[in-house]
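**Student:** here is my input, please return the structure:
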Amino acid sequence: MTTMSNARYAALMDNDDLPLTQDEKDAGWHFCYGGWDGLLVGPGMLEWDGCECGIKPMDPV
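**Tutor:** Numbers count the residues shown, from 1 in each chain. So this is what the prediction gives:
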C-alpha cells in the first residue's frame, strides 16, 4: 500500500494542478466529493470510513 507523507499531502491540497500518481490512485487516494467536499482522502484516514465515493484500493495483482 502506498503511504503519503505529510509534505506530499500538503502539496496536493495546496496545488490544484498537482496530480496524484498512479500508485497513489491505485492505493485509493482521491479527492472525495461524496461527503468530504473535495478533501484528499486515503487509506488510514478517519475520513476514509465515511467516504461515500466507493473508491477503494486496487487488489494486489
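**Student:** list phi and psi for the residue nearest the centre of the chain.
**Tutor:** In the chain, the residue lying closest to the centroid (Cα atoms, centre = their mean) is Trp29, at 2.2 Å. Trp29 adopts backbone torsions of phi -60, psi 140, taken as degrees, to the nearest 10.
**Student:** need the per-residue pLDDT for it.
**Tutor:** Looking at Trp29, its pLDDT reads 93.
**Student:** what does Asp14 give?
**Tutor:** On the pLDDT scale, Asp14 gets 95.
**Student:** and it, how far from Pro57?
**Tutor:** According to Cβ to Cβ, to the nearest Å, Asp14 stands 25 Å off from Pro57. Yep, even glycine has a C-beta here, placed from its N, CA and C like the rest.
**Student:** who's more crowded, those two?
**Tutor:** Pro57 (14 against 8; other Cβ atoms under 10 Å).
**Student:** show me the contacts for the more buried one.
**Tutor:** Shown in contact with Pro57 (Cβ atoms under 8 Å, 6 or more residues apart in numbering): Met1, Asp26, Ala27, Gly28, Pro43.
**Student:** please report how far it lies from Gln22.
**Tutor:** To Gln22, Pro57 is 13 Å away according to Cβ to Cβ.
**Student:** the residue nearest to the centre of the chain touches Gly42, doesn't it?
**Tutor:** Yes: at 3.9 Å, Trp29 counts as touching Gly42 under the criterion of Cβ atoms under 8 Å.
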